[in-house]
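Trainee: Build the 3D model from these lines:
(2 chains)
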Amino acid sequence: MPFSATRRVSLGLVVLAIVCLWLGDFEISAHDPWQELGRLALGLVRPDFGAVDALGEALLRTVAFAFVGVGVGAIAGLLLAFCFHHWWVRTFCAFIRAIHELFWALIFLQSFGLHPLTGVLAIAIPYAGIFAKVYAEILDETDPTPARTLPQGTGRLSALLYARISQAWPHLVSYTAYRLECGLRSSAVLGFVGMPTLGFHLASHFAQGHYAVVGALLLIFYLLIASLRLWVRPALLPFYLAAAPFCLGTGLPIMWSNVSRFFTQDIVPAPLRNGEGLSGLGPWLGDLLLHQALPGIWNTLLLSQIALVLTGLLAMALFPLISHHFTGRHLTGRLGGGLGHGVLVVLRSTPEYLLAFILLQLWGPSMLPAVVALALHNGGIIAHLVGRRSNEIILRPDAPKGVERYAYEVAPRVYGPFLALLFYRWEIIMRETAILGILGIATLGFYVDSAIQEIRFDRALVLILITAALNIGVDSLARRLRAHLRLRHTINRQSC
Amino acid sequence: MSSLVLAGAVADYGSTRVLGPLDLSLAPGERVALVGKSGAGKSTLLALMHERWRDQGVALMPQDLGLVPTLSVFHNVYMGRLDRHPWWINLLTLVRPRSRDVALITPLLERLGIAEKRWVPCGELSGGQRQRVAAARVIHQGGRVLLADEPVSALDGPQAESVMRALTERYDMAVLAMHDLELALRHCNRVVGIQAGHIAIDRPSRELSTGDLLSLY
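Mentor: Next up, the predicted model:
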């Protein structure tokens, strides 16, 4: 039987992942991982909502940072979208969104310190890059005829507002609302590097072994995400946006001398700063590449390759949970489907970083927690989208049931869209893999974080730039694979 | 007011010539019905006129109407005069229409029988209603010449009649692509028949009957 292109690519990825599995480090090093896991589970079952102060603050700050960050990002993104036809704007946007929120946070923490501005910019900058791209796409898809019928001499802004933005408005709003959910996750995770959001409280209570409070924090976070649709109403948005900047907390004041020192001295490569000139730059860069960048890139590629394949396996295994071809349409089926939805919602609303943090505490440092966290989160997202896609399929009445139905009727039909989605998420998985290094797994983020700990910001910056280049590279590879396999799928708007 | 002239107009689709070369001039007071088989080049000719004359006060009503489905009927009609207001007034109108604009547009909508749909998004209207919104827009817009492609194709007898009357009252010069020959002869004073990309007939409508035009089809 000859192999189709799709089959060859899929098999190639799996074989590559198996080789990587063999090369990586996947040991559980904790003394008693299952007892820890049990204590956490107990915390989730019996959460302690008594620590009202911590819970309230975590919630308020998480929401406030998300609103301000996403709001600023959306406005900047819209402005950038208007000039997205310039190649340099597109390149600039690709660059700023290739750098993860946490890396931006690490950069600004060194200059602005623990000021709210750090958290806001960390979300707003990469989000502006993403908003610009998607907004530009949405505006391009509008019907051009209304613009053609406008009276000659209509101002550019009026034309834009009436003929383009008004058409695209529902799509712009729904995408922005979706990104707000992403923003809440980003905001929660920024807590792990010191912002006063959920991650901060989670980490500190974890360290103290307050599993009941950890459980309460997690439950509140899920509740927050699940209830978004109830309290984020278009009419209330202006109110939220106006109130949010006042709920960011005060943090620590900005030391402007630090800011200027950071940008004019700290990030200048050491040999240049010490007056060694360009001749010193070569060895410095060589050393950095050989001992930090290369091992970091190697581990990042290794880990994200395994995570990609595991994500795919999980997604193809989990999508039947919400597919009515498998759950059925009768009452128990709908209940089962509801439950399946619940599982996928929990999986996809838990940020990889948070999952990896928890698993790392439980299992000790190795690549295992990172891979599992990445696969659970991304697998949940793709399973959800593939499941929805499968519900659009109409099967003949006498179609086989059970495993045969999965293998012969449904899976072959959704495999193309599934691969397209997986390739879309490749870049995101890679971005997240790099960032998980901050938790102590030797991917690029680990070397960035160590460089910052050692107050070598010049090295950190070079490593961050390398990470960004890696992300852009993977994105273009995925785009080529999609074109090669002729996978056309319009859901490129699910990227967090 | 002087005539509008289209000289040596041609249109190619790939390497095939679909229209022209043809010359056509439009004098003040002339309302031209453009007739001919579908595919004869009527829409192409209208597009060419729009391109050549667009900076001389042309109002365009394309076949697919060019309405914004997410905006209300009022706003779609208001768009005809976007060029007459500064951008910030247009911006405010999007949020809260000014009463003077509403007072200006409502009678027009009443005349066309869609006043009760004033605040309904155009995407929710039927084909006939949307066609009347597009007509209201070009009537509100005003200008020297109207270019309309099948402006009443989705309307029934009396409605088509009243929309045609409203359009021709507002515009002294007009070029209307029509497929209803009787309606065309009644409301236009000149008929241009297009056949295979060329002008086959060009005569005042009073000299013509529908029978004379059947040769085009």
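
Trainee: Near chain A, which residues of chain B? Just list them.
Mentor: Within chain B, the positions near chain A by CB under 8 Å from any CB of the partner chain are B:54-55, B:57-62, B:64-71, B:75, B:79-87, B:90-91, B:94, B:137-138, B:141, B:143. Any C-beta I mention is one placed from the backbone N, CA and C, and that applies to glycine too.

Trainee: Does residue B:2 fall in a helix, a strand, or a coil region?
Mentor: Following DSSP: H, G, I helix; E, B strand; the rest coil, residue B:2 is assigned to coil.

Trainee: can you confirm residue B:119 is in a helix?
Mentor: No - going by three-state DSSP, the assignment for residue B:119 is coil, not a helix.

Trainee: Need the residues that contact the helix-or-strand element of chain A with minimal mean pLDDT.
Mentor: The weakest-scoring helix or strand in chain A, judged by mean pLDDT, DSSP states H and E, is helix A:270-273 (a mean of 75). Identification of contacts with helix A:270-273 by CB atoms under 8 Å, 6 or more residues apart in numbering or on different chains yields A:265, A:277-281, A:283-284, A:456, A:458-459.

Trainee: Generate a PyMOL selection restricted to the buried subset of those residues.
Mentor: Entered in PyMOL, the line below selects the buried ones among those, by 16 or more other CB atoms under 10 Å in any protein chain shown:
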select buried, chain A and resi 280+284+456+458+459
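
Trainee: ok, the contacts of helix A:270-273 vs residue A:422, which is closest?
Mentor: Looking at those and their distance to residue A:422, the nearest is residue A:459, at 33.5 Å (CB to CB).

Trainee: Next step: the contacts of helix A:270-273 restricted to helices.
Mentor: A:277-281, A:283-284, A:458-459 (DSSP state H).

Trainee: Could I get the CA-only coordinates of the helix or strand where residue A:102 lies as PDB?
Mentor: Using DSSP states H and E, residue A:102 maps to helix A:101-111. C-alpha atoms of helix A:101-111 as PDB (Å, rounded to 0.1, in the frame of the first residue of the first chain):
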ATOM      1  CA  GLU A 101       4.600  37.200  27.700                       C
ATOM      2  CA  LEU A 102       6.800  35.900  30.500                       C
ATOM      3  CA  PHE A 103      10.000  36.800  28.600                       C
ATOM      4  CA  TRP A 104       8.600  40.300  28.100                       C
ATOM      5  CA  ALA A 105       7.800  40.300  31.900                       C
ATOM      6  CA  LEU A 106      11.400  39.200  32.700                       C
ATOM      7  CA  ILE A 107      12.700  42.100  30.500                       C
ATOM      8  CA  PHE A 108      10.500  44.700  32.100                       C
ATOM      9  CA  LEU A 109      11.100  43.400  35.600                       C
ATOM     10  CA  GLN A 110      14.700  44.300  35.200                       C
ATOM     11  CA  SER A 111      13.900  47.800  34.000                       C
END
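
Trainee: Now do the following helix or strand past that helix, average pLDDT.
Mentor: Using DSSP H and E, the next helix or strand after helix A:101-111 towards the C-terminus is helix A:116-140. Per-region confidence: helix A:116-140 scores 92 on mean pLDDT.

Trainee: Would helix A:116-140 count as contacting chain B?
Mentor: No - counting by CB under 8 Å from any CB, chain B is not contacted by helix A:116-140; separation bottoms out at 12.5 Å.

Trainee: Could you tell me the angle between that helix and helix A:101-111?
Mentor: Calculated by axes from the mean of the first three to the mean of the last three CA atoms, to 10 degrees, helix A:116-140 forms an angle of 140 degrees with helix A:101-111.

Trainee: Centre-most residue in chain B?
Mentor: Closest residue to the average C-alpha location of chain B: residue B:148 at 2.1 Å, with CA atoms, centre = their mean.

Trainee: Run through who's touching the helix or strand hosting that one.
Mentor: For residue B:148, the element it lies in under DSSP H and E is strand B:145-149. For strand B:145-149, contacts defined as CB under 8 Å, 6+ apart pick out B:4, B:26, B:42-43, B:46, B:49-50, B:53, B:56-63, B:138, B:167, B:170-171, B:173-177.

Trainee: what does stretch A:347-355 give?
Mentor: Contact with stretch A:347-355 is made by A:102, A:181, A:185-186, A:188-189, A:192, A:199, A:202, A:221-222, A:225-226, A:318, A:372-374, A:376-381, A:383-384, A:432, A:435-436, A:439, as judged by CB under 8 Å, 6+ apart.

Trainee: Swap in 7 Å and give it another go.
Mentor: Contacting residues not belonging to stretch A:347-355 are listed as A:185, A:188-189, A:192, A:199, A:222, A:225, A:373-374, A:376-377, A:379-381, A:384, A:432, A:435-436 [CB atoms under 7 Å, 6 or more residues apart in numbering or on different chains].

Trainee: ok now do residue 106, which residues does it touch?
Mentor: In the absence of a named chain, this looks at chain A. Contacts of residue A:106 (CB under 7 Å, 6+ apart): A:193, A:448, A:452.

Trainee: That was the other one, I meant chain B.
Mentor: Residue B:106 neighbours (CB under 7 Å, 6+ apart): B:115, B:118.

Trainee: Give me the mean pLDDT for stretch A:436-454.
Mentor: 87.

Trainee: Go through it and flag the buried ones.
Mentor: For stretch A:436-454, using 16+ other CB under 10 Å, the buried residues are A:436-452.

Trainee: Around chain B, pick out the residues from chain A.
Mentor: A:145-146, A:148-155, A:157-159, A:161-163, A:166-167, A:169-170 (CB under 7 Å from any CB of the partner chain).

Trainee: part of a strand, is residue B:199?
Mentor: Yes - assessed with three-state DSSP, residue B:199 lies in a strand.

Trainee: who's it bridged to?
Mentor: With beta bridges defined as DSSP bridges, residue B:199 has these partners: residue B:194.

Trainee: Counting neighbours, what do you get for it?
Mentor: Applying other CB atoms under 10 Å in any protein chain shown, we find 17 residues neighbouring residue B:199.

Trainee: how much space between the closest residue to chain A within chain B and residue A:319?
Mentor: Relative to chain A, the nearest point of chain B is residue B:66 (3.7 Å; CB to the nearest CB). Residue B:66 is 41 Å from residue A:319, where distance means CB to CB, to the nearest Å.

Trainee: Those two - which one has more neighbours?
Mentor: Per other CB under 10 Å, whichever of residue B:66 and residue A:319 has more neighbours is residue A:319, with 28 against 21.

Trainee: how near is the more buried one to chain B?
Mentor: Separation of residue A:319 from chain B (CB to the nearest CB, to the nearest Å): 33 Å.

Trainee: follow-up on the earlier one: of the residues of chain B next to chain A, keep whichever come out buried.
Mentor: Buried subset of the residues of chain B next to chain A (neighbour count, 16+ other CB under 10 Å): B:57-62, B:65-71, B:75, B:79-83, B:85, B:87, B:90, B:94, B:137-138, B:141, B:143.

Trainee: among those residues, which are in strands?
Mentor: Per DSSP state E, strands hold the following members of those: B:58-61.
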